[in-house]
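Colleague: Sequence first, then the predicted structure, then my questions.
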Amino acid sequence: MSQSVLRAARIIDAIADEPRTVMELAATFDLHRSTMFRELRALESVGYVHRRKDGRYRLGLHLVSLARRAFDDLDLPGAARDHLRTLHGIVGNTVHLAALVEDIIVYVDKVEDPSGVRMYSSIGKAVVPYASGVGKAILAGLDVGARDAVLAGATWVKFTENTISSRAELDRQLDLVTQQGWAADDREFEDFINCIAVPIVTPLGVVGALSITAIRMVQDLDTLKTRIPAMLQTATLIARELG
């Protein structure tokens, strides 16, 4: 990659973290103010950055649009297919893959033992975001606005005694999910089922989640937690496939 392209990419990354002035960016990249100004003008001309009224530069709408298109073009099921089956061979549990499709979390793949107990879930079925491991794993990685959009139609039905019944309670649990890197469904949708889920995170943000599910009388939540390292490794491999 040429030095000019690499520098432009790093300038965009810096602005994405926080809007910056020409002087701040010049100091960060050890460039003369006039040189940095020319770089920013070039990026502004193609819509990658935008100068605010206070003189700070932020990401431009064209760049945001490109990111959205890249997000929409991700083939999560294709990237995950082989990795999910490898994980299933290791853990033996039913493995689910869920994706964030616009403002809905949907199951997009599932691997289970044909001789085992059949789960309610099916490919194409919408996930109850506040009562599922994959739902919480995805929600925890979203900003407030995106989280609000996913939860806009939430009815907060109490499926079991353990079901989260309010946004405040959910937000508290999502803070914990963010800290620990995984989510759980502890008999929250069906009282005989539990699961562990981990997010799939790319440079575009969280794009989905994978989970393993078990009948709690066969494998309790503590047993499922021992599979988290393998799940995290699988999520990393899927993210790499997506680029």
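Modeller: Great, that's in hand. Predicted model, so just to flag it, every value in this text is computed and none were measured.
Colleague: can we go C-alpha only for contacts and neighbour counts from here?
Modeller: OK.
Colleague: So for the chain, the centremost residue is which one?
Modeller: Closest to where the C-alpha atoms of the chain average out (Cα atoms, centre = their mean) is V206, at 1.6 Å.
Colleague: if I look at that one, how far off is D175?
Modeller: Distance of V206 to D175, computed by Cα to Cα, to the nearest Å: 15 Å.
Colleague: that older thread, give me the pLDDT value at the residue nearest to the centre of the chain.
Modeller: The model reports V206 with a pLDDT of 90.
Colleague: can you pull the buried residues of the host helix or strand of I90?
Modeller: Using DSSP states H and E, the element containing I90 is helix 76-91. Residues of helix 76-91 classed as buried by neighbour count (16 or more other Cα atoms under 10 Å): 76-77, 79-80, 83-85, 87-88, 91.
Colleague: Only C-alpha atoms, please: export it in CSV.
Modeller: What follows is helix 76-91, C-alpha atoms only, in CSV (Å, rounded to 0.1, in the frame of the first residue of the first chain):
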residue,chain,number,x,y,z
LEU,A,76,-22.3,-14.5,7.2
PRO,A,77,-23.9,-17.9,6.7
GLY,A,78,-21.3,-18.7,3.9
ALA,A,79,-18.4,-17.5,6.0
ALA,A,80,-19.6,-19.4,9.0
ARG,A,81,-20.8,-22.7,7.6
ASP,A,82,-17.7,-24.9,7.9
HIS,A,83,-16.6,-23.3,11.2
LEU,A,84,-20.0,-24.0,12.8
ARG,A,85,-19.8,-27.6,11.8
THR,A,86,-16.3,-28.0,13.1
LEU,A,87,-17.5,-26.4,16.4
HIS,A,88,-20.5,-28.8,16.5
GLY,A,89,-18.1,-31.7,16.1
ILE,A,90,-16.1,-30.5,19.1
VAL,A,91,-19.0,-29.6,21.5
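Colleague: what's it in contact with?
Modeller: Among residues not part of helix 76-91, those counted as contacts by Cα atoms under 8 Å, 6 or more residues apart in numbering are 94-95, 97, 99, 108-109, 111-112, 208, 227, 230-231, 234, 237-238, 241-242.
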